[in-house]
Each structure stands twice: as structure tokens, then as C-alpha cells.
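**Q** A structural model of the following input is requested.
(chains A and B)
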Protein chains: 2
Amino acid sequence: MTRLLPRLFYGFLLTLPLLPSIAKCQDSDSALIHQMSDDILTRGMAYENLRTLCKGTPARLSGSANAAKAVEITRQLLLDAGADTVYLQPCMVPHWVRGAKEQAYLTMADGKKLILHVCALGNSVGTPAAGINAPVIEVRTLAELDTLGAQGILKGKIVFLSYPMQQTFVNNFAAYGDAVMGRVLGPSKAAKYGAVGFILRTLSMSDNDYPHTGVTGYDSTLPKIAAFAISTNDAGKLSTYLRLRKVSTLFMKASCQMLADVPSYNVIGEIRGSEHPEEIITVGGHLDSWDLAEGAQDDGAGVVQSIEVIRALKAAGVKPARTIRAVMFMNEENGGRGGEAYAAAAAKDGKKYILGLESDYGGFTPRGFSIGAKGAQFKKFTAWKSLLEPYGASLWVMGGGGSDVDPLSKVGAIVGELVPDSQRYFEYHHAANDVFENVNRRELLLGAVNMAGLIYLVSKYGI
Amino acid sequence: MTRLLPRLFYGFLLTLPLLPSIAKCQDSDSALIHQMSDDILTRGMAYENLRTLCKGTPARLSGSANAAKAVEITRQLLLDAGADTVYLQPCMVPHWVRGAKEQAYLTMADGKKLILHVCALGNSVGTPAAGINAPVIEVRTLAELDTLGAQGILKGKIVFLSYPMQQTFVNNFAAYGDAVMGRVLGPSKAAKYGAVGFILRTLSMSDNDYPHTGVTGYDSTLPKIAAFAISTNDAGKLSTYLRLRKVSTLFMKASCQMLADVPSYNVIGEIRGSEHPEEIITVGGHLDSWDLAEGAQDDGAGVVQSIEVIRALKAAGVKPARTIRAVMFMNEENGGRGGEAYAAAAAKDGKKYILGLESDYGGFTPRGFSIGAKGAQFKKFTAWKSLLEPYGASLWVMGGGGSDVDPLSKVGAIVGELVPDSQRYFEYHHAANDVFENVNRRELLLGAVNMAGLIYLVSKYGI
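**A** Numbering: from 1, shown residues only, chains lettered A, B, ... in the order given. Coordinates of the predicted model:
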């Protein structure tokens, strides 16, 4: 592309922020949002804050030393951003530890060994100290697991669930939703039929060597067996070798374990409302991350975008009518305790929680918002669409919030989420490559622009 | 993000391709486009073809051996894709060569030397064989260049134009349009005032060490001086050192030169129309690339997407009513001769050129189309929006085509372009990091889905 002259197309996009507003009162809103956009895109701190968070406290899994350190870091970042009040909200969190690096290899029919790229799924139990060595059986779906299990075929075996995320979904989150129950339910389903181990084809849309972790669950009435993810490349190889009957056994070994709950915190920074301080607008991301990487897209992005909302509103001189809280939720990944603690406190403090907005789909180019409202309330949101469309938010869907703000719907809040472009999310999700360098500065900042814009509007007009 | 259950939001997006169509006749179109999408996302060849093109023929600058080889490669890829006819359309192209790696360094006031990351701008002349060593003067804009030039200050100096792409533009192409004239006009403007060299702050939105090339121009009535780009990091350093009066001279040396024109080709693959073979629909990208990298985003992506349109239509069993041509244009980067040759042939062959659609904004997630039509004709396009929105094309703007298809408007064709997300484009544009690995497979394929859909609709219904 070697365009030499500005074109009609550029012209169109250049003037988008100046399009006639749909109502007089929107003119000043449009100008304010434009001002915040310019400020965030030039002086925004979200990208540097993400660097600080990712490099200072990678692997912020609940209960870890780095999670505790991240609490202190983000407390300071919220103060620097200009929050009136910053405080910690206690919650007890699970404390799962991965232990020594997991091992897995195939022993082939010809006696050779093939090392596999694996990781334990989050909350998995470990194997016996000597590891497990057993024949492996591939099942393509949970239904097939049941069928083969009922035939007694899985007893004493390691179950390999090879269901891939389906490429045909245009929205990758739909593909994730379609596949994730294998990760959550697979281990106990396999254990029910006497399997001794479980290994899952990694939930990713790409072929590479990264295994992706993520939470699994256990049925308390069944034996708990160790559960691994295997990289998509190795899953492909394993399928092929099994089909060709080249595999003798699979060895897997892990020392992960669930320790006793430990105290931790949500980190909260607030700008007190000038007219309706009792009406609370919550904007947040989750502070904890999986232990394999830096938690940059998941969810350092949402954390620093939420802090940026505070910074941008203060920088623009906005004195919000309603109280705005940026909340760094703890323990989204393997327990959800922070979101629960926040909602539990909200149920008791006599305040009115009007909106819970979350960013937990990664720091990619924003496309819109998912809003858990219907009818007139949903229309109130979409009336603001023309104000945020110039910054990317053109898709406004009736939906809901993320798992941290969803509990707020019980106290009457409308919950919602930033919806960014989804195509690259599952390249990084819960894998070792979810690092700062894989977040694009402008994409991250534009998400913050749209969040700041929506929070500003709700703080001014209410819901 | 550790969502466990499919949510309303997923549900919404899952069913998007099944939304009620706005007219009965759209039901079969919707199904056909859905079929092509599934095919492209699972069996599409665009990504592997891009690997072949980028790794087999990086640095496909017009007139180079790799450009000639790329002609042969894409001819074969079009045959493999199932085009009825594949042929080469001759055109003479400029043959600019970079020569030995450019050198540039600062001699500081204290005598130390500081090497700079630079490259010659495309079509630049070289320096004298010994290089140039001269004081350097920073100008922030072309207007300031004129002001200082009129004062006689630039005589004998190297002019450093430090105007950055403005971060405040939400659309990066608008920022490019705002800045690019400095690259095109800067060298001759500087020469007019007696400058001996020109160095441009790289057109990029990011701070790093990559200099980005791109075409410059010369006023034939003025001396031609060597023109370089300097990386954004080094441009920042240079500004600082100049402000602190720490710089003595800037040395620049390059042996680039423009050789005589050489013969080359557009590569064209066709599916002949069954009812109106004389109506021609053109879909294309440009085959040439700058010489510093693999030309993956610019514009290998557009090339392989255009080939994919042919493959997907054939795979879906579509027998188009009108003739569809995938065109790999030669010489977009530093001459535009391929586009001109194609339009010149079109003006003479008695056929009716109804649409020229280009993909030259990179293989990023598609957001929509820019269409050079107004009134009823534009409405005809936007009536198809609901059919392609499920695949990402929700933004339909009155605009135009890219520089390769624009000349077709002279023969009556409507011209248009795929508009993908723009945030990362200028990270790679004309720089050494524009490589295959920086193209996301799904983003690339989704662009092809939308292009195939639009071309299918135009081939069926005409304009």
C-alpha cells in the first residue's frame, strides 16, 4: 500500500468524530469523549502500566507471592491515576500450586520415547509421585467418552479428549464455548469409567507447541485424576500415532496440589460522585492470572484499562455525578472469589449498584459492548452508540457481563462487557505466550477510550 | 477469562449467520456464503499460499528476480485454485535497486559516532560514492521546511523532517494520509532550498528500530538528493540531541539507483461467466513488495485472498453468471504500472468492467468495504450488508478503490476495497518486519470470506 494522497475514505474516517450528534446535549459529550480519546491515545498510561504489571508480577495466580505483589502495584497505580480513595477488599482465595514442571511422554511401540508439550489444567490434582504410565485412548467428544466408558474400555487408561475448537465459528468465543466443557467435565467423566489420567487437546485456534491451562473441575463423589492439556501440534501427532497403532503407553507426572485457602484482596479505586455518591458504577478486570505467563491479554489488559478510565476522567476534569469504581478482581481464573466478595459486600452496604462493566476479552481493537439489559434500558445504552462508534464501538449486543461483574446483577446492577475483536485471543489465552509483547498499544488504548466514554455517559446520565 | 458456560452473547454470535434474511432470495445466498466461510476457515489455502509467496519470494520489488519468480508462483497458485484461464499481462516496470546497505551515523559534538537505523526511501537516488557529511537541521512540518528554506538556512544541510504520524487519529490510515506528503514531497522541497540530503522520521505509529521505506518523488526541475527514513526511536534521539546541540554532523551513504525499465507482468486468473462473460469483475492485490521484507501484509495478503476467492467459488460449485478475474498487480509500490496496464487493456477490449475490488490494507480482521459508488448504486451494495455482517463486514463506506483498481473507474467500473482493522498495519508497512509470521491466519481468511461473498453477489446480480 503506497497511497500518496488522502482519499475520500480517509476523509470520511477523519471526520467521524465530528459527525452531527443526534441531540444537542450530545455535542458536549462528543467533545468530552473526543478530548479523552486524544488524551488516552497520546498520554495514556495503560500500556506502560501493563508493562509494569506484566514484568513486575507475571504469573499472578491467586495465593501466590506475585498476586500479593500485584495487589500493592495496582493500589499504587490507582493512586497515581488520581482515584480519590483506594482500598483493599479482603477475600479468601484458593491456593493451587503447579509444583515441578509437568512431564509427559509417549513410549512408542518400537520402544522409542517422544516428549510431549503439556501442562496440568488449573486445580488439577497431581499424579502419584512416580507418575502414571498407561495406555491411552482417544475420544473425540464427551459423548464418545460416555459411549466408550460404558463399554468398560477406559478402565485403567489415560483418556485423550481430542475435540478441537471449531474453526467454522467466526467468533472465537463461540468456538471456546462449544469446546470448554471438555476441559471442565472431562476429568471426572473419565474417572467415572475408571480412567487413571486425562489429557485434553489444548483449546486454541492455532497449531503450535503451547499447551494452554485453564480451570478444570472435579465431581466430589468420584476419584480425582490428574488432568493435562497437550499442545495442538502434539495432539495432532498423538491422534496420528494412535490411529497407526504406534503408541504403547503415555507417561504423565505432575506434583500440583490444592493448598488451604489464603487471604487476598480486590483492589478498588474510586472517584466519589458529586451528586449521587450512593450510585455506584463498577468498571473492572481481574488481577489474578494463570501461572504460565504474564497474564497480559488475560487480564492485565482489563486491569490497566479500568485504571485508565479513572486517569482519563480525572485528566479531563470530569467530576462525575455518580461514584465510579475501578475494581481489580482477584481469583477470576480458578475460583471467582473476588467477584463474589465484591457482590456480597454490595448486597450489604445500602448503596445502589447501577452498572458493572468488565473488560476480560483481551486488549484487542474494540468492536462494541455486550450489555445485560433489555427493552428501554438496552435502548438507553444504544442511544449512546453514535458517540462511541467513531472510536470502534459499533456492535452493541444484548448479552451480559463477565464472570466478575455478573454477580452484581443480583443486587440490581446492569452488567456488561467490552467486546473487542476476538481473532487472536485464543492464541494467548492461558498459555506461556500471553506476555506484554503480544499486546498492541493502540488496540489496548482504544479499548480504554470506549470504556472511559461509556463510564462517563453512565456517570452523567445514570441508567 | 475462564468462562465455563456458553452465554447469551455467544448464543447471539453463534446464530448471526442464521438471522432471518431481508428477502427470500437472500436465503440461498446466505447459505452459499456460509458454506464458503466454512470451507475457507477449514480448508482455505490463503495462509499456506502466503507462506509460499513470502518465503519463496520475499523482497518482490518490481524488476527484481524475485518479482519474476513470484509471477510464476502465483500463476501456478491460480491454476491450483481452479481458474479456467491463467495468463500474464505484460507491462514495463521501473527497476530501482537499493544497492549496498545504507549507512548513516551522527558525529557528535564530542567526536563520538552514533550509528542510526535508516533505509533509503524507494526511488531515491544514491549519495556520492563517498557519502555526504553535513550539518543536520530538524523541521517539524513541510511548512516549516519552507519557512526555514526561505531564510537560506537549509543550504548545504541535511534536512530532517520529524513530523510523526498523529496518534490521535483513530484510523491509522488517516494518520498516514496526514503525514505521507512529507515523504513524497520532502526531498525536492529540501533540494529547492539547497539541502544536500533528506531524512524522514519513519511513518509508523510505534516506537522501535525499524526504518520504513516507501516511495518518494522528485521534481525534475530540481537537483535530486538522497532521501532516507530513520526509525522512530532514532528520530526521537536525533531530535533530542539536536535540541541539546550535541550533534556536529550527519553522515549518510547509499548506492541506490534507478535502472532502465524492464518487462514484467500482471498475473490474471479467470472464471468465465456463464451468462454475461463480457461483464468483468476484478478482484486483486499487488504482487510486488518492497525489498526490505517479505511483503506479507503489504500485499501478499491481498494476493492470496484474491486467489482464495477463485478457489472458494470453485469449491462451492458456483458457476458465476459474470466473469471473475483475480489479478495480481505488478508495481503498485513504486510506479503503479500494473494497474495502469490493466486499465489500458480494459479500455480497448470491448468488455464491460463492472467492479474492481482490491485488498491492500493488510490481512487483518475485516470490518467492511469502501465502495466508490453513490446513490442507488451504493445502496445496491449496502443491501448486501446483512449477508456479510456475520463475517465481519459491518462498516460500508462511500469511498473508493486502491491505487491498482482506481484506474478502472475510467472505464466505468465501480471500484472498492476491503477495509480491515487498521491498528497494526503501520507496524509492518514497508519495514523489515512485514513477514509471514506477522499475519494471523484467521484474520487473513476472514478477509477472504468477505471478499468471496461480495464477489459472489456481484457475479450473480450484477451492479
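**Q** Now A:Val262: phi and psi?
**A** Dihedral angles phi and psi of A:Val262 (degrees, to the nearest 10) take the values phi -130, psi 160.
**Q** And stretch A:429-449, what's buried?
**A** Along stretch A:429-449, the positions that meet the burial threshold by neighbour count (16 or more other CB atoms under 10 Å in any protein chain shown) are A:429-436, A:438-449. All C-beta atoms are positioned from the backbone trio N, CA, C, and that covers glycine.
**Q** Could you find the closest non-adjacent residue to the residue of chain A most remote from its centre?
**A** Relative to the average C-alpha location in chain A, and by CA atoms, centre = their mean, no residue lies farther out than A:Asp110, which sits at 42.8 Å. Excluding the flanking residues, the one nearest A:Asp110 by CB to CB, 6 or more residues apart in numbering or on different chains is A:Lys246, at 7.6 Å.
**Q** and what of A:Val247?
**A** Setting aside the residues directly before and after it, A:Val247 is nearest to A:Tyr241 in space (CB to CB, 6+ apart), at 4.9 Å.
**Q** Could you do A:Met330 as well?
**A** A:Gly338 (3.7 Å).
**Q** thinking the one you found is in contact with A:Cys91, fair?
**A** Yes: taking contacts as CB atoms under 8 Å, A:Gly338 lies within contact range of A:Cys91: 5.4 Å.
**Q** Tell me which of the two has more neighbours.
**A** Neighbour comparison, A:Gly338 and A:Cys91: the larger count goes to A:Gly338, with 27 against 24 (by other CB atoms under 10 Å in any protein chain shown).
**Q** which element is that one on?
**A** Element membership of A:Gly338, judged by DSSP states H and E, is helix A:337-346.
**Q** Mind checking what helix or strand follows that helix in sequence?
**A** Towards the C-terminus, the helix or strand next in line after helix A:337-346, according to DSSP H and E, is strand A:352-358.
**Q** So for that next one, mean pLDDT?
**A** Averaged across strand A:352-358, pLDDT comes to 98.
**Q** gap between the closest residue to chain B within the stretch 301-450 of chain A and A:Gly284?
**A** Using CB to the nearest CB, the single residue of the stretch 301-450 of chain A nearest to chain B is A:Gly399, 3.4 Å away. Counting by CB to CB, to the nearest Å, the gap from A:Gly399 to A:Gly284 is 17 Å.
**Q** Those two: who's more crowded?
**A** For A:Gly399 against A:Gly284, the residue with the higher neighbour count under other CB under 10 Å is A:Gly284, and the figures read 33 against 22.
**Q** Would you double-check that that one falls in a helix?
**A** No: residue assignment for A:Gly284, taken from DSSP: H, G, I helix; E, B strand; the rest coil, gives strand, which places it outside any helix.
**Q** what is it paired to in the beta sheet?
**A** The residues paired with A:Gly284 through beta bridges, assigned by DSSP bridges, are A:Val327, A:Glu358.
**Q** Now do the contacts for it.
**A** The neighbourhood of A:Gly284, defined by CB atoms under 8 Å, 6 or more residues apart in numbering or on different chains, consists of A:302-303, A:306, A:325-329, A:356-359, A:404-405.
**Q** Farthest pair within these?
**A** Checked with CB to CB, the contacts of A:Gly284 reach their widest spread between A:Val303 and A:Gly356, with 15.3 Å between them.
**Q** still on that earlier bit, contacts for the strand or helix carrying the residue nearest to A:Val247 next, please.
**A** A:Tyr241 is part of helix A:232-243, with elements assigned from DSSP H and E. Contacting residues not belonging to helix A:232-243 are listed as A:106, A:108, A:114, A:116-118, A:136-138, A:160, A:162, A:164, A:201-202, A:204, A:206-209, A:230, A:247 [CB under 8 Å, 6+ apart].
**Q** Buried residues, it. List them.
**A** In terms of neighbour count (16+ other CB under 10 Å), helix A:232-243 has its buried residues at A:232-235, A:237-239, A:241-242.
**Q** Average pLDDT for stretch A:295-313, rounded please.
**A** Mean pLDDT, stretch A:295-313: 98.
**Q** quick one: is it near chain B?
**A** Yes: applying CB under 8 Å from any CB of the partner chain, one finds stretch A:295-313 in contact with chain B at A:298-299.
**Q** need the residues of the stretch 201-350 of chain A near chain B, please.
**A** If contact is defined as CB under 8 Å from any CB, the residues of the stretch 201-350 of chain A in contact with chain B are A:205-206, A:214-215, A:298-299, A:332-334.
**Q** mind putting these in CSV, neighbour count and secondary structure included?
**A** Putting these into CSV (neighbours: other CB atoms under 10 Å in any protein chain shown; DSSP: H, G, I helix; E, B strand; the rest coil) gives the following:
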residue, neighbour count, secondary structure
A:Met205, 24, coil
A:Ser206, 18, coil
A:Gly214, 27, coil
A:Val215, 22, strand
A:Asp298, 29, helix
A:Asp299, 33, helix
A:Glu332, 29, coil
A:Glu333, 28, coil
A:Asn334, 25, coil
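**Q** Can you tell me which of these is nearest A:Leu50?
**A** The nearest member of these to A:Leu50, counting by CB to CB, is A:Asp299 at 10.6 Å.
**Q** Now do the same contact list for that closest one.
**A** Contact criterion CB under 8 Å, 6+ apart gives A:285-287, A:289, A:332, A:359-360, A:362, B:1 as the residues in contact with A:Asp299.
**Q** Next: A:Leu32.
**A** For A:Leu32, the contacting residues are A:316, A:318, A:456, taking CB under 8 Å, 6+ apart as the criterion.
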